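In: Here is a sequence together with a model predicted from it:
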Amino acid sequence: MDAADRPSTAGQRLSAPESFGVSTLEPGQRPPAHPPGRQVPIRVQMLDDSQEVFQITQRSPGKGLFDLVCAHLNLTEADYFGLEYQDHRKMTVWLDLLKPTLKQIRRPKNTILRFVVKFFPPDHTQLMEELTRYLFALQIKRDLACGRLICNDSSAALMVSHIIQSEIGDFDETQSWQHLLHNKYLPDQDAIRDNIMECHRKHAGQTPAESDYQLLEIARRLEMYGVRLHPAKDREGSHLSLSVAHTGVLVFQNHTKINAFNWAKIRKLSFKRKRFLIKLRADPAQSAHHDTLEFAMASRDCCKVFWKICVEYHAFFRLFEEPKPKPKPILFTRGSSFRFSGRTQKQLIDYVKDSEFKKIPFERKHSKILSNSSASPHSSSLRLQVPPENATSGLLTDQPDSGRLHQDARSNGLEDLPEAAPPTNGFHNDMTTQDAIRRSHHGAEPNQHLLNPENSEDSPHAADHAVTNGVLSGPGADGPDIPNAAQIPAVQTFSPLTSPLLAEAGYVRNEDEEEARRKKFPTDKAYFIAKELLTTERTYLKDLKVITESLQNVAKAEEAFPDSVRVLLAAHYDPFHKFHQGFLRETEQRLAQWEGRSNAHIKGDYQRIGDVLLRNIQALRQLTAHLQKHPECLVELERACRSSRKVEALCRDFEQQRVCYLPLYVFLLRPLHRLLHYKLLLERLCKHYPPTHLDFRDCRAALADVSEMVLQLQGVMMKMENFQKLLELKKDLTGLENIVVPGREFIRLGCLSKLSGKGLQQRMFFLFSDCLLYTSRGTTPSNQFKVHGQLPLYGMTIRDSEEEWGVPHSFTLSGQRQSLVVAASCAAEMERWVEDVRMAIDLSEQTAGLLPPCPPEHKLSDDGAEEEEEELGGLRASLERQCPRGNTTVHVCWHRNTSVSMVDFSIAVENQLSGNLLRKFKNSNGWQKLWVVFTNFSLFFYKSHQDEYPLASLPLLGYSVTVPAEAENIHKDYVFKLHFKSHVYYFRSESEYNFERWMEVIRSATCSSSRPALGSRKDLY
């Protein structure tokens, strides 16, 4: 068929212009399938208090993470369990299995999900697997310890005695007394200690599995079994609590059940604002009208959380099969689309009965005796674990110092050798003889495997085991004896600087050359982590000087600058500048000693950094009060700019100075962001060091301190980041009265094509929690974006429009007064926009009435010819030809037809890096050494780290990062390639570690639709 004979699409009939890059108007054209998105680590705390890390993709649904956890545990009856976490409102909620995980968890690196029992069956005999009963027993143990499972003293003593029997075995008076002394199972345990021991005396010969069974038999008869209380009030204002169970909805007052509504009597459950409504069926014997009970809860969110769990409980225990999803409405949505996802209890029981599963042995973390399962001869065989960069989940166990016997010997070669993984279900025997040691670590903060791993030197068998090439050897392990880590010759390891994968083509280094290169730099991974600390500390100190020196010098010279703001900045930022000057000097001295460049004659172990970090982080904790004042500094500076045009012009002019290479307000957030960097560096150090290493304890203690600080300041950081982003967007927009509204949250900005009578027109869209703005780039000297319209999200619907309009990747946004048809550049972009718009619609419904109402949409006249000509000219213009605010993230997204979300900004905050790189252009021959800083989705180039301002910058949004192909003839080690259309740059790093770190951080900023799925560096080649 000729081109002229093909039927024209709606886009062509509307004279849509051809877009740059992939055309959205050619029928049948689709972008190449893009690989899975970036891997994000998620921490999950198990019921035995261990922690595991699971790697998920950015758009992976909650079910993907839940399935990873259950597969790690080899759990068959998984549907009784769920993942809960604390959201940004400090509410404990369940992870929705149908929604993307990262849409629910705003800060995945600072959030720990808890794997807990979600549905409590009325009869524990319905639990078919011993592992399932063991997990339920751990849940009962936790509920007793935190005071949630309230009962009388005799029941409590009997349950604790069964727990002790499963942990230490038959009664021994001294051992039982010591165990109770160092382990707390009840809030008021001391008062009934004698009763517990007396009950324990009667359980002689009882196995751990039998103890679990008896524990569940007692617990299921208690009134508070499986009860999770949700505070509420009745119509008279009396304080009550609501809960849900397999029988229906329960009402409690002071932990006493005062009413129960059976599922058979309930006609409908709903909520309206803060009111939770229970509509009962009419009782023919009494009256024909329907009763409606009303309870007031703390907020609409509380109502919704409780309503969701009621829906899930009803479906799980009452329905025969999983409810089918509702059909998508064509025009309008009414009510919630939430539904139960997973097997019902009947389906689960039938599934387990009809299936024959091989019973896989598991180990009980706190048990010192062997059950039938753990006594299996297979329980001692430990599976091999893939290297950390390829692992689906990493071990994060809260273990005592003498608890583990693996990870005590590890090579410092090209990659970490495979470790001996934990038992199949992730539960570990507690083999310590001193329970006091174990109890002393239970209050540790996040990343428990890093803060409280086992110390092999305390274990009587630690010296008999070693991990060599992934095989555990020593007493009790099959195969020949292998020497421990101290006996393994160093020549067996590969240096990152002598990687056979990265050697020049056809060139073989001899041993003398390898030895010379090994002497040039230390090859330990810890050295490169310490060097990353040094390089990023230099950049951080330079960023602090922008506030403490450059800005304050300008402020002192201008009388219009308020004294209150000047005093605030000096009082709360100068102490950090002074402190980090000393920190940097100490770090530089330690690295010089480590490299042997100075004081080499001094005896002592200077090849470590943990002691420097611990000493300085403990001193940094004294400055926490100043960190808490940084939001006030930001607010006061913004208020001064808003109230005085002179101050506003002063700050605007300051931003144009070369020393202020980022938006001004970003520098005010630097001290808070630096804490995240310290935490990540210490996590890598703790993961690298074996527990016996001299530096391990200091790194672990420093990590505990900085984790506590991050947790304490997390709320402050999130609010400041959102406020700063709104202020920056305010500078990029014109034609809008005020974008900074209390309660408004930024979600996404990016480029979409709007379908109109003139065809597809490029527009910049800004998505917030209450409204959607669309703009075009204006003709003003400041390159601001002119607002064309504002759509309130409340009541908005969204639907796919590709078939309706014949425009690929298009969707329709239907507001209360107007509808828009927009098209994304590719399917991945469309998916991201649709997900975020739907989430924003949900947020707008939750915050209805809390935010000022959005004004009705106002449309500005489109001067088509003039506007299109200017936009095309802007696309052709180089980003390096700068005018005021011409190179911000908004303008980069405009030029490169992409988008960025608040989640991307949060990830970019943590992925910051500095260091020396060699740069080469596509057609040049030589390599140029530059000091490179990666931040804010861009690379900034300096001649050396001592320069005050960058020579040039390269925004990376839209770029792809790969390794050179063989045909490009780049026969050098550690080279990566950046390319966007015809722009190609090569960069060369000095080591394997630096290569992987640069690839990691740059991948976080490049366009996800073109980002390859990269694993280890071996996969790259």
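Out: Great, that's in hand. Residues are numbered from 1 along each chain as shown.
In: Give me the buried positions along the longest helix along the chain.
Out: Taking DSSP state H as the criterion, the chain has its longest helix at helix 696-732. For helix 696-732, burial by neighbour count (16 or more other Cβ atoms under 10 Å) applies to 696-707, 709-710, 713-714, 717-718, 720-729, 731-732. Bear in mind the C-beta positions are built from the backbone N, C-alpha and C, glycine included.
In: What strands flank whichever helix or strand comes after that helix, and is each parallel or antiparallel?
Out: Using DSSP states H and E, the helix or strand that follows helix 696-732 towards the C-terminus is strand 733-734. Strand pairing for strand 733-734, determined by DSSP bridges: strand 785-792 (parallel).
In: domain assignment for this structure?
Out: Listed by the TED database, the domain ranges of the chain are 39-117, 227-283+290-324+339-352, 525-728, 744-848, 912-1005.
In: With mean pLDDT and distance to residue 216 added, can I get those domains in CSV?
Out: CSV is the format used below for the domains of the chain (pLDDT from 0 to 100; distance: least, Cβ to Cβ, whole Å):
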stretch, mean pLDDT, distance to residue 216
domain 39-117, 90, 11
domain 227-283+290-324+339-352, 87, 15
domain 525-728, 89, 34
domain 744-848, 87, 38
domain 912-1005, 90, 46
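In: I'd like those as JSON lines, with distance to residue 171 appended.
Out: Formatted as JSON lines, the domains of the chain follow (distance: least, Cβ to Cβ, whole Å):
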{"stretch": "domain 39-117", "distance to residue 171": "24"}
{"stretch": "domain 227-283+290-324+339-352", "distance to residue 171": "32"}
{"stretch": "domain 525-728", "distance to residue 171": "34"}
{"stretch": "domain 744-848", "distance to residue 171": "54"}
{"stretch": "domain 912-1005", "distance to residue 171": "54"}
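In: what about those, which gets the closest to residue 189?
Out: For residue 189, the closest of those is domain 39-117, at 18.0 Å, according to Cβ to Cβ.
In: Need the distance between the two termini of that closest one.
Out: Distance between the two ends of domain 39-117: 27 Å, counting by Cα to Cα, to the nearest Å.
In: re the thing from before, between the domains of the chain, which gets nearest to residue 213?
Out: Ranking the domains of the chain by their distance to residue 213 (criterion: Cβ to Cβ) puts domain 39-117 first, at 15.2 Å.
In: Tell me the helix or strand right after the helix or strand in which residue 665 is found.
Out: Element membership for residue 665, per DSSP H and E: helix 664-668. Later in the chain than helix 664-668, the nearest helix or strand by DSSP H and E is helix 670-688.
In: Show me what that next one packs onto, helices and strands only.
Out: helix 448-451, helix 525-545, helix 610-620, helix 696-732, helix 902-910 (3 or more Cβ pairs under 8 Å, 6 or more residues apart in numbering; DSSP states H and E).
In: Now these in CSV, please, with extra columns for distance to residue 823.
Out: Supplementary listing: these in CSV, determined by distance: least, Cβ to Cβ, whole Å:
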stretch, distance to residue 823
helix 448-451, 46
helix 525-545, 39
helix 610-620, 49
helix 696-732, 23
helix 902-910, 21
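In: Relative to residue 945, which of those is closest?
Out: Of all the helices and strands packed on helix 670-688, it is helix 525-545 that lies closest to residue 945, at 5.1 Å by Cβ to Cβ.
In: Only alpha carbons, please: show the closest one as CSV.
Out: Extracted C-alpha coordinates of helix 525-545, given in CSV (Å, rounded to 0.1, in the frame of the first residue of the first chain):
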residue,chain,number,x,y,z
LYS,A,525,38.0,-1.9,48.9
ALA,A,526,37.9,0.0,52.2
TYR,A,527,40.6,2.3,50.9
PHE,A,528,38.4,3.3,47.9
ILE,A,529,35.4,3.9,50.2
ALA,A,530,37.6,6.1,52.4
LYS,A,531,38.8,8.0,49.3
GLU,A,532,35.2,8.5,48.3
LEU,A,533,34.6,10.0,51.7
LEU,A,534,37.5,12.4,51.2
THR,A,535,36.5,13.5,47.7
THR,A,536,32.9,14.1,48.6
GLU,A,537,33.9,15.9,51.8
ARG,A,538,35.9,18.4,49.7
THR,A,539,32.9,19.1,47.6
TYR,A,540,30.6,19.4,50.6
LEU,A,541,32.9,21.9,52.3
LYS,A,542,33.0,23.9,49.1
ASP,A,543,29.2,23.9,49.1
LEU,A,544,29.1,25.1,52.7
LYS,A,545,31.4,28.0,51.8
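In: and the next helix or strand along the chain from it, how far from the chain's centre?
Out: Later in the chain than helix 525-545, the nearest helix or strand by DSSP H and E is helix 552-557. Mean C-alpha position of helix 552-557 versus that of the full chain (Cα atoms, centre = their mean, to the nearest Å) differs by 40 Å.
In: Which elements pack onto helix 552-557?
Out: Helices and strands touching helix 552-557, by 3+ Cβ pairs under 8 Å, 6+ apart, are helix 563-595, helix 645-655.
In: Redo the ones you listed as a markdown table? Include mean neighbour count and distance to residue 175.
Out: Rendered in a markdown table, the data for those read as follows (neighbours: other Cβ atoms under 10 Å; distance: least, Cβ to Cβ, whole Å):
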| stretch | mean neighbour count | distance to residue 175 |
| --- | --- | --- |
| helix 563-595 | 16 | 47 |
| helix 645-655 | 16 | 69 |
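In: Can you lay out the ones you listed as a markdown table showing distance to residue 291?
Out: Formatted as a markdown table, the helices and strands packed on helix 552-557 follow (distance: least, Cβ to Cβ, whole Å):
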| stretch | distance to residue 291 |
| --- | --- |
| helix 563-595 | 58 |
| helix 645-655 | 61 |
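In: pretty sure residue 341 is in contact with residue 311, am I right?
Out: No: between residue 341 and residue 311 there is no contact under Cβ atoms under 8 Å: 10.8 Å.
In: Which of the domains of the chain sits closest to residue 127?
Out: Shortest distance between residue 127 and the domains of the chain, using Cβ to Cβ, is found for domain 39-117: 6.4 Å.
In: check contacts around residue 722.
Out: Going by Cβ atoms under 8 Å, 6 or more residues apart in numbering, residue 722 touches 745, 746, 902.
In: Out of the residues you listed, which is nearest to residue 355?
Out: When these are compared against residue 355 (criterion: Cβ to Cβ), the nearest one is residue 902, at 43.8 Å.
In: Neighbours of that closest one, how many?
Out: Residue neighbour count, defined by other Cβ atoms under 10 Å, stands at 19 for residue 902.
In: where does it land on pLDDT?
Out: Model confidence at residue 902, expressed as pLDDT, equals 90.
In: surely it meets residue 747?
Out: Yes: if you go by Cβ under 8 Å, residue 902 and residue 747 touch, sitting 5.8 Å apart.
In: End to end on stretch 793-807, go ahead and measure it.
Out: End-to-end distance for stretch 793-807, by Cα to Cα: 24 Å.
In: can you check stretch 642-660 too?
Out: Stretch 642-660 has an end-to-end distance of 21 Å (Cα to Cα).
In: residues in contact with that stretch?
Out: Applying Cβ under 8 Å, 6+ apart, the contact partners of stretch 642-660 are 546, 550-551, 554-555, 558, 560-562, 637, 640-641, 663-664, 667, 884, 948-950.
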